[in-house]
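K.L.:
Okay, structure incoming, though there's no sequence with it:
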């Protein structure tokens, strides 16, 4: 089921979302200070392509992750999270789209706080 879900996700919006994450990553990597943010963008671009079958886990991170998440929310996070929430709302209009909407909401949560997060196969 997760393979079919991932293929449909890729065709129905995953490619657009991943392209948005890659573009944000490239913009972040222009400066040396932005490279850690760009690496998080590239990590989340991979998750945006194939979100089904992956669980998100938050680890107890240090002060660096906290500061990174605060800067992330101010600079990029809220725009990317808003995109995922809008797409998730559109998917949840129909019963068939609810699993896709739930994946979009999962990505919205991660796009607000990307530092200190890992993805594991379910």
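P.N.:
The structure has been received and is ready for your questions. Just so it is clear, the model here is predicted, and its values are computed rather than measured. Numbering: from 1, shown residues only.
K.L.:
excluding its backbone neighbours, what's nearest residue 54?
P.N.:
Of all residues not flanking residue 54 in the chain, residue 119 sits nearest, at 4.8 Å (CB to CB, 6 or more residues apart in numbering). To be clear about C-beta, it is placed using only N, CA and C from the backbone, and glycine gets the same treatment.
K.L.:
Could you say which helix or strand holds that neighbour?
P.N.:
strand 117-121 (DSSP states H and E).
K.L.:
Likewise for residue 56?
P.N.:
Counting by DSSP H and E, residue 56 is part of strand 54-58.
K.L.:
how far off strand 117-121 does that strand point, in degrees?
P.N.:
150 degrees (axes from the mean of the first three to the mean of the last three CA atoms, to 10 degrees).
K.L.:
tell me which residues in strand 54-58 are buried?
P.N.:
For strand 54-58, burial by neighbour count (16 or more other CB atoms under 10 Å) applies to residue 54.
K.L.:
What residues does residue 50 make contact with?
P.N.:
6, 9, 10, 14 (CB atoms under 8 Å, 6 or more residues apart in numbering).
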